[in-house]
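S.K.: 3D model of this:
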Amino acid sequence: MKKILALILSVILAVAFAGCGGSKETKEKKEEKMKGTTENWGEISVFVPDGFEFKGGSITGVDDTDEKQCYMKKDPTAMFEYIWIVVNEEEAVKNNIAMTKSVNSAEDITVSADNGEWTGCHYLYAGATGDVDCGAIYAVIDGTAFQVNFAGYAPESKEMKAVLSSLKSAK
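M.R.: Numbers count the residues shown, from 1 in each chain. So this is what the prediction gives:
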């Protein structure tokens, strides 16, 4: 009787432990590929996630035909929620980021993307509805210097990573 009881308990424990296992694939959360479209504007080719509105030209509205700038927003009316892309000479990009860092007492950051390392600065802006992630980062990709200014998105967010990883020259 003891042997039968021991055998039954062994089978129950084996089944219980087998249920706790699982493949590595089921244990690790697989990141879904973000959906969206690739937009080309002047010198810029960029992935625009679904739900974002893409516009060519300056975000300031000064020049809607500037082919070295474009931006995207989820909410077109939101002031501090955007990803703004600028193509410029590398020295000018570095100077813009240094000024942004100085004016906002921002900290240095590095963001890894599929196309390389992006460097720049990050700070929290005290907005009416709470702190807002803001900053400016840059990378030189295939000889083109890209500056990405952002507000409302953490530098490591899935939206930022998808946009940064996609950037390339449309020339």
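S.K.: ok, then the element right after the worst-scoring helix or strand of the chain on mean pLDDT?
M.R.: None of the helices or strands of the chain scores lower by mean pLDDT, DSSP states H and E than helix 24-27, at a mean of 39. In the C-terminal direction, the helix or strand that comes right after helix 24-27 (DSSP states H and E) is strand 36-41.
S.K.: ok, residues contacting that following strand?
M.R.: Strand 36-41 has contacts (CB atoms under 8 Å, 6 or more residues apart in numbering) with 45-50, 52, 54, 56, 67, 70, 162, 166, 170. Every residue, glycine included, has its C-beta placed from N, CA and C.
S.K.: can you rerun that using 7 Å?
M.R.: Residues external to strand 36-41 that are found in contact with it (CB atoms under 7 Å, 6 or more residues apart in numbering): 45-50, 54, 56, 67, 70, 166, 170.
S.K.: how far does it sit from its chain's centre?
M.R.: Centroid separation for strand 36-41 versus its chain: 16 Å, with CA atoms, centre = their mean, to the nearest Å.
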